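**Q** Give me coordinates for this.
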Amino acid sequence: MNKYSARHLVIPAAALVGILATGCGTVSATPTSSSTNSSTGANMTNGTSASSSGNSTGTAAPMSGMKGELLIGAAASSPMKMQGNGNFYIEHASSGKLSTIALSKGANAFRAAIDGNKAYVPTKQGKTYVINLQSGKVTSSFSSPKGARIANTAKADHLLLITGNSSITAYSLPSLKQKWQLKTGGQALSIAGQTAYLSGQMATKTQIVDLKSGKITGSIPVGHIEDSVYDKQQHTLWLANWNNGQMTIVNTKTNKVEGSVTKKEGGGFNMKNMMKSSGGFMQLAAGPAGKRVYAASFSGNIMVYNAAKNTFAKDIRVGKMSMLSGLAINPSGTVAYTTVENKMETVAVSLKTGKIKHTYPNLMSNRWFVIH
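**A** As a prediction, this is how the structure comes out:
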């Protein structure tokens with residue numbers, strides 16, 4: 001969804017060794033807050049913010065078990081006003097050092113994409129920022145469709161894909177020359193090789209897109225999807241319906257549904273009154289070994305699925321009265337990073353014990369990445 005948090009993704013620190021070495025000032029250990037929303041068009045997360053321009057870094061006590069991990073995400077404005085400074089965050093998980101790269105006013109970012117040492121951050125205002133992850137600076141920007149805030153990279157076809165409610169636009173990498181545009185959009189896009197799967201919260205089916213031609217080649221009768229994730233180990237696509245709590249599993253070799261699991265806590269999200277929602281799927285993440293798929297839920301649980309058997313395994317409760325959104329699993333599959341929307345923070349959770357290892361105050365994103 002496009003609530004106010006960004007997505008988490010994990011990236012190897014070796015690739016970003018110089019990220020805090022240049023161009024960064026210093027702020028206090030507890031950053032101030034700014035807000036963002038999810039894929040639906042409302043940003044629910046508040047991210048730690050710097051001033052309207054420039055970068056900042058913060059520090060905290062070191063944490064064990066997360067050495068070298070970088071938590072990367074973009075954030076935007078409050079869900080109601082839909083304006084304010086967009087920010088891009090690079091959080092050093094073990095040391096607590098934070099680099100905040102401020103985007104322009106009204107940027108309203110949601111899901112970034114990573115390609116080598118570059119990050120691509122599309123914004124609601126119709127501008128995509130290119131950020132050098134080593135210097136921690138914006139190196140350039142280019143015009144992209146207004147309202148499109150979801151970025152993906154397709155490595156097989158060397159493409160950057162920017163998705164919005166009414167279009168998908170493909171740009172060649174590294175030239176950023178537009179290759180094709182499809183006048184069909186959505187709020188969730190997953191890539192499996194040379195195929196993209198486009199889903200939406202209001203759409204009744206998931207479209208299958210050939211990335212070479214930019215043409216729709218078929219569809220899967222599964223809709224009302226908040227997020228999706230491709231499990232490359234199992235060759236399966238997981239589609240999360242935040243209305244009824246159904247998780248559908250698709251075999252990407254045949255594009256046929258091979259199973260589904262319905263859990264009440266996965267559904268019940270209310271876009272008209274988000275913070276009163278009883279549950280609802282948010283970001284999904286696949287474990288690195290192909291054994292688990294995870295879902296952040298507004299119920300306060302990290303929902304764990306057995307990816308080999310296509311069954312529900314267990315819940316991991318994250319604190320008390322928590323509403324979760326952004327989610328990323330570290331490369332070793334031992335830690336989950338998740339945004340707690342109603343507490344305006346992100347936490348690191350041990351997947352072995354279920355206990356919170358560390359809290360990052362005022363740091364929020366609906367779409368996180370973790371690299372190591």
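
**Q** where are the low-confidence patches of the chain?
**A** Residue ranges of the chain with pLDDT under 70: 1-65, 76-85.

**Q** and the longest strand for it?
**A** strand 256-267 (DSSP state E).

**Q** Show me what that strand is packed against.
**A** Applying 3 or more C-beta pairs under 8 Å, 6 or more residues apart in numbering; DSSP states H and E, we find strand 256-267 packed against strand 236-241, strand 244-251, strand 292-297, strand 301-306, strand 311-317. Quick note: C-beta positions are derived from backbone N, CA and C, even for glycine.

**Q** ranking the ones you listed by burial, who's on top?
**A** strand 292-297 (a mean of 28; mean count of other C-beta atoms under 10 Å).

**Q** Just the residues contacting that one, thanks.
**A** Strand 292-297 is touched from outside by 227, 229, 231, 238, 240, 247, 265-266, 279-287, 302-307, 313, 324-327, 329, 333, 336, 338-339, with contacts defined as C-beta atoms under 8 Å, 6 or more residues apart in numbering.

**Q** so how far is stretch 307-316 off the chain centroid?
**A** 21 Å (C-alpha atoms, centre = their mean, to the nearest Å).

**Q** same check, this time on stretch 259-266
**A** 21 Å.

**Q** How many residues are close by residue 275?
**A** Neighbour count for residue 275, taken as other C-beta atoms under 10 Å: 12.

**Q** Provide the secondary structure category for it.
**A** Three-state assignment for residue 275 (DSSP: H, G, I helix; E, B strand; the rest coil): helix.

**Q** That one against residue 342, yeah?
**A** Yes - judged on C-beta atoms under 8 Å, residue 275 makes contact with residue 342 at a distance of 6.4 Å.

**Q** now stretch 197-207, how far from the chain's geometric center?
**A** Relative to its chain's centre, stretch 197-207 lies at 18 Å (C-alpha atoms, centre = their mean).

**Q** buried stuff in stretch 273-292?
**A** Within stretch 273-292, the residues that count as buried by 16 or more other C-beta atoms under 10 Å are 274, 277, 279-288, 290-292.

**Q** quick one: terminal-to-terminal distance for that stretch?
**A** Using C-alpha to C-alpha, to the nearest Å, the gap from the first to the last residue of stretch 273-292 comes to 31 Å.

**Q** what's the answer for stretch 87-106, then?
**A** Stretch 87-106 has an end-to-end distance of 10 Å (C-alpha to C-alpha).

**Q** same question, stretch 74-91
**A** The first and last residues of stretch 74-91 sit 11 Å apart, counting by C-alpha to C-alpha.

**Q** joint contacts of residue 275 and residue 342?
**A** With C-beta under 8 Å, 6+ apart, residue 275 and residue 342 have common neighbours residue 323.

**Q** For the chain, just list every one of the helices.
**A** With DSSP state H, there are no helices along the chain.

**Q** My read is that residue 212 contacts residue 158, right?
**A** No - the criterion here is C-beta under 8 Å, and residue 212 misses it with residue 158 at 10.9 Å.

**Q** my guess is residue 165 meets residue 147, correct?
**A** Yes - the pair residue 165 / residue 147 is scored as a contact, 6.0 Å apart, by C-beta under 8 Å.

**Q** out of the two, which sits in the more crowded spot?
**A** Remark: of residue 165 and residue 147, residue 165 carries more neighbours, 20 against 17, as counted by other C-beta under 10 Å.
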